[in-house]
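Colleague: show me the folded form of this:
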Amino acid sequence: MSTRKRPARVDTEDEDDSAASSVSEDTSSLPGSDGRKRRRISRDSDTTPEQNPNLRIQDYEELEEDSESLDEEDVEQQATQAVQEKRARDKRARQSGVANAARDYGILESVVIHDFMNHHYFEFLFGPLINFITGKNGSGKSAVLTAITLCLGGKAASTNRGKGLKSFIRHGCERARIICKIKNQGSGAYQPEEYGDSISIERHFSANGTSGYVIRSASGRKVSDKRLDLDPILDHCGLQVDNPLNVLSQDNARQFLGSAKPADKYKFFIKGVQLEQLDEDYRLLEDRLFTIQQKLDKKKEDVTVLENIRNNKIRLREQARKTDGLVAKMRELRRQCAWAQVRDQEAKLVEYDVEMTKQDELIRTAQLEVDEYDTNYQEATTQHEATKIALDEAKAAFNAAEGEKRELKVLYEEAKREAMAAQHEERAAKTTLAQKVKEKKNTEGQIAEEERRLDEVNGGGAARRREERTLAQATAQQARTELEAHKAGRQEVERNRQIKGAVVNEKAGIMNAAQRKINEIEESLGKLQNINANNQHRAFRRNNEQLERLIGQETRWQHKPLGPLGRHVKLLKPEWSSVLESMFGKTLSGFLVFSRHDLNLLSDLKRRAACDAEMFLLTDRKDFNVREPDEQFVTILKVLEIDNQDVKKHLIIQHVIDQHILVPNLDDATRTMYDSGRLRCVRGCFAFNPHDPQKGHLLRYGAGDGASQDPVLAYRGLPRMKGDIEATIAIKRIALRDAQDDLATARRAWTEARAEVVKADAAVKKWQKRLVELNIAAQEADDKVQVLDGQISNDSVEGGKLSALRDGLKEVEESRQLAEDQYKDAVIARDTKQKAMHERNQRMNAYDTTLQELQHAFNEAERQHRLADQNKANTLLTKNGKEAVLADTQKGRQELVDDKAEAEAHLQNIIAQATEKVGNRIHVPDRSTKSLFEKHEEMKKTHRQWQQRIGISVEDAERAAAEAEINCNRAEVDHKQLEETQNMLQTSLDDRRARWRLFRQFISARARVTFVALLSERGFRGELLINHAKRLLDLRVEPDITRRNAAGRSANTLSGGEKSYAQICMLLAIWEAMGSPLRCLDEFDVFMDNVNRSTSIRMILDAARQSIGRQYILISPGAKEDIPQDYDVRVQELAPPERGQQTIEESRGGRRRAGAAANGDWE
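Modeller: Purely as a prediction, here's the structure:
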């Protein structure tokens, strides 16, 4: 069992102490008595031996040098001096006001108990230094120490309060729980990042026998529930609850302090200071040394036997060497046989070189053919891309023609509206002409009336007509101004009408495109919803189901074809379905074959099934390495789950799916591809079309720093890859909703634009109507001025008005003529507009022929693309065939290379064997290897006949002698190494024993000196008697200090108070000697009177304050008032127990209990 423990820490306060003080403090690092695993901590200082190794080494060197010269008096004198200096230093510190300092970690902060012993619930908050628990008997004071012992890993038996955990559960309860909170602060805290400022340890147990631990951090977070995780915490803090002197329970205190015999006290002492466990470990080491000695004796006998065997074998070897002559010849022949095999193997290598030369020529020829067909394939690929571009252009032209037709239809509708407007203008001009005719009739009537008026005298008429002329001239001027202003607004009205018309045409195009997109999505969605296991073949080529049936029935396959390939591919991200389906093209509908024979057979089955599925030839089925870009990129390969390695390899070769990445956003894809230069292992990048996720874009690198971006059309067929149909349908439905929303938006925009066009048409009509009105008004105003001018000019003569009326009739006739001319112009304009409408209708109808021609051109481009695609596939098949031939030839050459390498390795092996067995190469006679072996066998036969006379061969004798020497030497080395190990262990044990005795000597001396010093606090005189030889510990005390010559009295002869006081002094002395970090004592003053109790408490307080950083937990049956109050003292008095009142009744059977206690709990 290992005794290696963590070295003790050195208290910086005691640097000036003597060697005795240093060694006594270091003894707390010895192994514990509970598990031999814990590392003890003797002081509170954070200085460890590893941080200050010179101190420890110097102490040990001084002890070793002075161990022989030191006697008990010297040791006691040094210890006395050290104790006196320490007490004087502590006294000066107290006088100067330096307070006792608490530790930052490893002290108890509180104990909480639930249903434990006689407590239902109790929480005790400990002070960092000195704690007193007082109370009457039965109040549960001892339960606190018992709870601390059990919670910190102690055994139930060590408390002497019960046989098992179940006995500690409060009467009437099923479970009990104890929680101890340990301070964990400062630089010496245990894992502060994990536990925080405190560590809570909870132990719970139940009446059915179950128990467990829970370790929590300061925040209450559960860190562990394992008992093994508690030991490192206790080791770090130095808490040793199983040490009988660290935690003295009531029974142990009574036994150790009161009634124990000297031998029992010595046993407690040696166990409490941790020397007993170390002594047991040394005894185990002694047993191990005894076992080693037994093995040494046995090995010595074995060495003697092996030496005899070695000598016998050497004598036999010397006898066999006398036959060296024949053996030399045999060895020479043996060397020739060995090197003859090397000669034969070298001849085979020459044959391999000749054959490899032939294979190199075949490979060169095959490589030329592969290069030729590779060039053809590149040309076919170029042609395929050109036809693809032509197909896209034809498609674009057809779509453009459709758009132009729609625009012509819009123009036709506009011409139709203009024709109707011209028709309305013609009707208005006709109405105006009718009005002028009517006006002419009225003027003729006025002439007749004027002729009647000539007979009358005209009085005052001239002045009135001049005033009317002035007003008429102003009216005519205003009419002409309004007419010119109205004509100036014509260009703006017509331009506004053109703009509105262009907008409505644009919106109509968007609306039609949205409607076509909805139709396409609905068609695709309908196909998806109708997919099931019976019609899945519809996603592939026509008659694919019949072709698969013929493939299954065919039995002549060398390797059964795989296909359609889409059934071996599962798409993990359905949103990429349309883009990837379009990218793969016909590949997913094709079949994969692995030989020319199967290719021809499948071609025949295709013809019989009338299925035009593609065929792909893959001859090289070896494993290959996938070269993918960085992990941050999602490649096509990563979103596919391919269940066949051959299909995976073909897709990588055909479409480079391992080097095409997927980036949904087009802008992100552009930045990814081009902002940081060329990406490693990236051929291209697919991204969604920003306006239609069913379409996409392919971004690729061009020559040099060039770049290209090609559109990817939406896939309109059924999905060929396996995947989640429901997810794909959901994506289609989302796309359908988006397209419907787009259509609704486009329709609203078209309606609004159409309303604007109607408003613009109304504005044009209004402008034209107003133009006619203004023309008429201006003409009428001018006519009126002319009439009045004529009247005024004729007023001087009789009959002037008649002349004026006749002039007016003339003007009316002119107006009628003008209206007639305008009517004729309106008729002409109507005819012109109607003619333009018919012309646009004819042009629109003529576009049907253009569309048919473009459709034919598109079909032809599609046919050419299909032919180019087939040519590319056929060229690829041929190229693959040539590559297969090249691969087979290279494979044959590689096999030759491998065979040659194997032959060379074999040659090197037999050369090495020949060199190892027969020496360097020699000349081999020009004879066959077989004849050499036959001659060697003849010589071996002769040699065997000779060996029968001596009984052993030379080789066997040599081998046996060599083995005997090796075995003998090995045994001698083993014996020597084991003997050295024993000596080293014995030396180490002796050194450790010497140190152990020094530890015991100095601990004992320090305890004796401290005991005498503590007795002197009350004026007692005495000594602590320790006999290590007889393993006895006792004390002699003389209460009367005036009796100088008295030898002292035994503890049994003292009074109860004196005896308890003396025992307390002994315990404090041992505590001070062992440097225990936690000191607990139960009912230390139970037999003391008030004077001894007061003195003992004062002495304990002084001792506690001198032990810097130590935490004391003391239990006293006295009152709280007996404890001096101070800053470092915390006193808690427990309430007296509740005892039920009982009644004693008389009966014929004698006295008996009348009832149980009122509270039902007995302790």
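
Colleague: other SSEs contacting the longest helix anywhere in the chain?
Modeller: Of all the segments of type helix in the chain, defined by DSSP state H, the longest one is helix 324-453. Contact analysis of helix 324-453 by 3 or more Cβ pairs under 8 Å, 6 or more residues apart in numbering; DSSP states H and E lists helix 490-529, helix 725-794, helix 800-918, helix 929-950 as its packing neighbours. Using the backbone N, CA and C atoms, a C-beta is placed for each residue, glycine as well.

Colleague: how far does the second one sit from the chain's center?
Modeller: Relative to the centre of its chain, helix 725-794 is centred 64 Å away, using Cα atoms, centre = their mean, to the nearest Å.

Colleague: the helices and strands packed on helix 324-453: which one's closest to residue 272?
Modeller: Nearest to residue 272, of all the helices and strands packed on helix 324-453, is helix 800-918, at 69.6 Å by Cβ to Cβ.

Colleague: returning to that earlier point: just give me how far the following helix or strand past the longest helix of the chain sits from the chain centre.
Modeller: Using DSSP states H and E, the helix or strand that follows helix 324-453 in sequence is helix 461-488. For helix 461-488, the separation from the chain centroid amounts to 93 Å (computed by Cα atoms, centre = their mean).

Colleague: now do helix 461-488 against helix 800-918, angle only.
Modeller: Going by axes from the mean of the first three to the mean of the last three Cα atoms, to 10 degrees, helix 461-488 is angled at 10 degrees with respect to helix 800-918.

Colleague: what residues of helix 461-488 count as buried?
Modeller: 465, 468, 469, 472, 473, 475, 476, 479, 480, 483 (16 or more other Cβ atoms under 10 Å).

Colleague: ok, those vs residue 566, which is closest?
Modeller: Of all those, residue 566 sits closest to residue 483, with 76.4 Å by Cβ to Cβ.

Colleague: related to what we said a few turns ago, and the helices and strands packed on helix 324-453: which comes nearest residue 147?
Modeller: Taking the helices and strands packed on helix 324-453 one by one with Cβ to Cβ, helix 725-794 is closest: 61.1 Å.

Colleague: for that closest one, packing partners?
Modeller: Judged by 3+ Cβ pairs under 8 Å, 6+ apart, the packing partners of helix 725-794 are helix 324-453, helix 461-488, helix 490-529, helix 800-918.

Colleague: as TSV, the ones you listed with distance to residue 295 and mean pLDDT would be great.
Modeller: Formatted as TSV, the helices and strands packed on helix 725-794 follow (distance: least, Cβ to Cβ, whole Å; pLDDT from 0 to 100):
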stretch	distance to residue 295	mean pLDDT
helix 324-453	43	77
helix 461-488	130	73
helix 490-529	83	77
helix 800-918	38	77
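
Colleague: quick one, which of those helices gets closest to residue 289.
Modeller: Nearest of those (Cβ to Cβ): helix 800-918, 45.9 Å.

Colleague: got the angle for that closest one vs helix 725-794?
Modeller: Per the same axes, to 10 degrees, the angle that helix 800-918 makes with helix 725-794 is 160 degrees.

Colleague: so how far is helix 800-918 off the chain centroid?
Modeller: Chain-centre distance of helix 800-918: 48 Å, with Cα atoms, centre = their mean.

Colleague: ok so, going back, make JSON lines out of the helices and strands packed on helix 324-453 and add distance to residue 1119 and mean neighbour count.
Modeller: Listed next are the helices and strands packed on helix 324-453 as JSON lines, based on distance: least, Cβ to Cβ, whole Å; neighbours: other Cβ atoms under 10 Å:
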{"stretch": "helix 490-529", "distance to residue 1119": "91", "mean neighbour count": "16"}
{"stretch": "helix 725-794", "distance to residue 1119": "81", "mean neighbour count": "17"}
{"stretch": "helix 800-918", "distance to residue 1119": "97", "mean neighbour count": "16"}
{"stretch": "helix 929-950", "distance to residue 1119": "107", "mean neighbour count": "13"}
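
Colleague: rewinding a little: and the buried residues of helix 461-488 as CSV, adding distance to residue 744?
Modeller: Output for those, formatted as CSV (distance: Cβ to Cβ, whole Å):
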residue, distance to residue 744
465, 70
468, 65
469, 66
472, 60
473, 61
475, 55
476, 56
479, 51
480, 52
483, 47
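
Colleague: what is the nearest of these to residue 788?
Modeller: Once Cβ to Cβ is applied, the member of the buried residues of helix 461-488 that ends up nearest residue 788 is residue 469, at 3.8 Å.

Colleague: isn't that closest one right next to residue 476, touching?
Modeller: No: when contacts are counted by Cβ atoms under 8 Å, residue 469 is not listed as touching residue 476 (10.3 Å).

Colleague: now for those two: what residues contact both?
Modeller: Contact with both residue 469 and residue 476 is made by residues residue 785, according to Cβ atoms under 8 Å, 6 or more residues apart in numbering.

Colleague: just to revisit the earlier point, out of the helices and strands packed on helix 324-453, the one nearest residue 247 is which?
Modeller: Across the helices and strands packed on helix 324-453, residue 247 has its closest neighbour in helix 725-794 (67.6 Å, Cβ to Cβ).

Colleague: average pLDDT for the closest one?
Modeller: Averaging pLDDT along helix 725-794 gives 77.

Colleague: isn't residue 1034 right next to residue 265, touching?
Modeller: Yes: counting by Cβ under 8 Å, residue 265 is a contact partner of residue 1034 at 6.8 Å.

Colleague: and those two? Which one has more around it.
Modeller: Comparing residue 1034 with residue 265 by other Cβ atoms under 10 Å, the one with more neighbours is residue 265, at 23 against 19.

Colleague: so how far is the one helix or strand that one maps to from its chain's centroid?
Modeller: For residue 265, the host element (DSSP H and E) is helix 262-272. Taking Cα atoms, centre = their mean, one finds helix 262-272 lying 58 Å from the centre of the chain it belongs to.

Colleague: how about it: buried residues?
Modeller: 262, 265, 266, 267, 268, 269, 270, 272.

Colleague: residue ranges in the stretch 1-150 of the chain under the pLDDT threshold?
Modeller: 1-99 (pLDDT under 70).

Colleague: ok, now with 90
Modeller: 1-107, 117-119, 122, 124, 127-130, 134-145, 149 (pLDDT under 90).

Colleague: likewise for the stretch 901-1050 of the chain?
Modeller: Along the stretch 901-1050 of the chain, the parts satisfying pLDDT under 90 run over 901-982, 985-986, 988-989, 992-993, 995-1050.

Colleague: so where do the strands sit in it?
Modeller: 1021-1027, 1032-1038, 1049-1050 (DSSP state E, counting those that start in this stretch).

Colleague: deepest of these, which one?
Modeller: For the strands of the stretch 901-1050 of the chain, the largest average neighbour count (mean count of other Cβ atoms under 10 Å) is found in strand 1032-1038, namely a mean of 21.

Colleague: restrict it to CA atoms and write it as PDB.
Modeller: The C-alpha atoms that make up strand 1032-1038 are tabulated as PDB, following Å, rounded to 0.1, in the frame of the first residue of the first chain:
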ATOM      1  CA  LEU A1032       1.900   4.100  27.800                       C
ATOM      2  CA  LEU A1033       0.700   7.700  28.400                       C
ATOM      3  CA  ASP A1034      -0.300   9.100  31.700                       C
ATOM      4  CA  LEU A1035      -0.100  12.300  33.700                       C
ATOM      5  CA  ARG A1036       1.000  13.400  37.100                       C
ATOM      6  CA  VAL A1037      -0.500  16.500  38.600                       C
ATOM      7  CA  GLU A1038       0.200  18.300  41.900                       C
END
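
Colleague: and that strand with helix 262-272, angle?
Modeller: Here strand 1032-1038 points in a direction 110 degrees away from that of helix 262-272 (the same axes, to 10 degrees).

Colleague: which residues does strand 1032-1038 contact?
Modeller: 262-263, 265-266, 269, 1011, 1015, 1020-1027, 1046-1051, 1054, 1058, 1062-1063, 1066.
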